[in-house]
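Q: structure, please.
(one chain, ligands or ions: 1)
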Amino acid sequence: MSLAAQVKDTGMAAVPQAVVAALWLLGLTAYQAASVASQPPPDLATGATAPISEDANSAETELLPSIVKGPYLLWPASDSMTIAWETDLPADSRLDCGLTTPYEFCMEDPNLVTLHSMTLMGLRPRTTYFFRAGSGGTLGCKSSFVTAPTRDCSFRFAVYGDTHSDANEHAAVVQSMMGSHPAVVFHCGDLVGTGRDYEAWRPGFFDPARPMMLTTPLVPVPGNHEYLGRGPLWFFHFFVPPSEGGWWALTYGDVRFIGLNTQLDYAPGSEQYQWFLAELESSEFSQALWHVVVFHNPPYTCTDVHQDDPAVRACLVPLFDQYGVQLVFSGHSHAYERYSRRGITYIVTGGGGGPLYRLVEDTVPPIRQFGATLHHHCIVDVNAPDQVLRLKAVDPNGQVFDSIEVGSAPVTYPKPE
Ligand SMILES: [Fe+2]
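A: Modelled structure (predicted):
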């Protein structure tokens with residue numbers, strides 16, 4: 001069954017309308033809002049929100065929607081940023097934004113929805129924008145974001161995975177990660193333990209990740225646990241990936257990041273494989289200095305739960321070799337592992353919060369170069385014009401337990417027969 005069919009079967013409305021208006025203020029040229037109408041979530045607990053009107057009477061206050069997830073930042077680019085949030089009641093969408101506060105402009109979408117997603121476009125690169133999002137007379141707390149840089153700029157990104165639904169461990173990892181101030185965070189999948197269970201998402205992911213996602217955009221790929229349980233594929237509703245299948249590519253500075261969905265078909269001839277091949281042949285890919293791929297199931301891992309994924313090794317690794325990918329991140333194994341094969345560094349970063357796995361002796365080449373069983377995240381520094389990436393693995397106390405340098409010169413191999 002295709003993803004579209006799965007979503008349709010759940011009774012969810014398709015991601016609908018777009019409101020596009022010309023905004024000539026402050027470099028903003030267009031604004032798009034996409035929102036998902038869904039059943040009102042049963043959890044009516046309030047988030048960190050504030051009513052617009054301070055003197056509303058009690059009856060009116062009861063009708064005010066509360067923000068129960070977010071606002072959170074998604075899908076960064078040098079000229080755009082997506083801001084999403086969820087309300088407990090269907091409500092309109094409002095986004096105040098600007099280069100300064102008080103905000104220079106306000107944008108609104110009158111459609112009554114619970115999942116709100118607005119994409120600002122026409123932004124300036126590497127620029128701080130202040131914003132406040134809300135619905136139905138309730139606004140979330142004030143925050144800001146920085147757009148992605150263009151070429152030849154230094155920045156820092158973070159990668160982690162397998163947060164599952166362990167809120168305390170996840171919160172500790174998030175706190176440690178925020179101490180490094182990454183510009184963007186990538187997630188290797190298994191954000192929660194049971195992805196089709198609506199109740200799993202707020203306490204299991206959005207609450208512990210909230211301080212990070214309010215200021216730092218998250219770019220996730222789905223893991224196998226996003227597909228577990230009964231009900232809608234909430235991952236796709238909360239994160240609104242650019243493609244229906246959940247795969248994506250984006251340029252951030254000199255880096256081309258590619259995210260794949262290893263829960264859907266990626267064998268030669270599949271839609272995802274053909275998309276990935278086209279991406280590898282694209283000018284965006286060839287013009288980038290660095291090529292980083294993120295997906296859930298690792299080609300190389302050796303724990304008491306998971307071993308190398310043979311399908312990833314057979315279908316994807318040859319493309320990494322052929323097109324000069326330099327760095328690959330996966331999760332699935334709840335540990336940290338580092339491999340190197342044909343000049344490509346493979347990192348397993350599955351220590352975002354889920355119960356940890358035990359490393360076992362690795363006897364199948366490539367042999368693991370380093371591994372550790374602990375919760376952690378990865379930090380990567382891109383220091384233009386250096387020709388190296390500097391990667392650190394960091395535990396929840398902020399201690400670095402592994403560090404390497406990755407060279408930029410892509411090692412390419414001919415297409416296998
Ligand atoms: Fe997994």
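Q: tell me the domain ranges of this protein?
A: Domain ranges of the chain: 3-146, 155-407, per automatic domain parsing.
Q: tell me which stretches of the stretch 101-250 of the chain form strands.
A: Using DSSP state E, counting those that start in this stretch, the strands of the stretch 101-250 of the chain run over 105-121, 128-135, 138-140, 143-146, 155-160, 184-187, 218-220, 248-252.
Q: looking at those strands, which has the lowest confidence?
A: Mean pLDDT values for those show the minimum at strand 138-140, a mean of 81.
Q: buried ones in stretch 165-176?
A: By neighbour count with 16 or more other Cβ atoms under 10 Å, stretch 165-176 contains the buried residues S165, D166, A167, E169, H170, A171, A172, V173, V174, S176. C-beta here means a position set from N, CA and C on the backbone, and glycine is covered the same way.
Q: actually stretch 301-316, not the one I wrote
A: By neighbour count on 16+ other Cβ under 10 Å, the buried set for stretch 301-316 is T301, C302, T303, H306, D308, D309, V312, C315, L316.
Q: before we move on, the earlier item: who wins for proximity to the ion among the strands of the stretch 101-250 of the chain?
A: Taking Cβ to the ion, strand 184-187 is the member of these nearest to the ion, at 12.0 Å.
Q: right, is the closest one up against the ion?
A: No. Against the ion, strand 184-187 shows no contacts by Cβ under 5 Å from the ion, the least distance being 12.0 Å.
Q: so which elements touch that strand?
A: When contacts are defined as 3 or more Cβ pairs under 8 Å, 6 or more residues apart in numbering; DSSP states H and E, strand 184-187 packs onto strand 155-160, strand 218-220.
Q: got the CA positions of stretch 328-346 in CSV?
A: Provided in CSV are the C-alpha atoms of stretch 328-346 (Å, rounded to 0.1, in the frame of the first residue of the first chain):
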residue,chain,number,x,y,z
VAL,A,328,26.5,8.8,6.5
PHE,A,329,24.4,8.9,9.7
SER,A,330,22.0,6.2,10.8
GLY,A,331,20.2,5.1,13.9
HIS,A,332,18.2,1.9,14.8
SER,A,333,21.0,0.5,17.0
HIS,A,334,20.8,2.3,20.3
ALA,A,335,24.5,3.0,20.7
TYR,A,336,27.3,5.0,19.0
GLU,A,337,29.4,3.3,16.3
ARG,A,338,31.9,4.6,13.8
TYR,A,339,32.9,2.8,10.6
SER,A,340,35.0,3.7,7.6
ARG,A,341,34.8,2.1,4.2
ARG,A,342,36.2,3.4,0.9
GLY,A,343,36.8,6.8,2.3
ILE,A,344,33.2,7.2,3.7
THR,A,345,32.6,7.7,7.4
TYR,A,346,29.5,5.8,8.7
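Q: buried ones in it?
A: The neighbour-count check on stretch 328-346 (16+ other Cβ under 10 Å) flags 328-341, 343-346 as buried.
Q: what's the offset of that stretch from the middle of its chain?
A: How far stretch 328-346 lies from its chain's middle: 19 Å, per Cα atoms, centre = their mean, to the nearest Å.
Q: could you give the mean pLDDT of it?
A: Stretch 328-346 shows an average pLDDT of 97 in the prediction.
Q: related to what we said a few turns ago, including mean neighbour count, could the helices and strands packed on strand 184-187 go into CSV?
A: Formatted as CSV, those follow (neighbours: other Cβ atoms under 10 Å):
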stretch, mean neighbour count
strand 155-160, 24
strand 218-220, 23
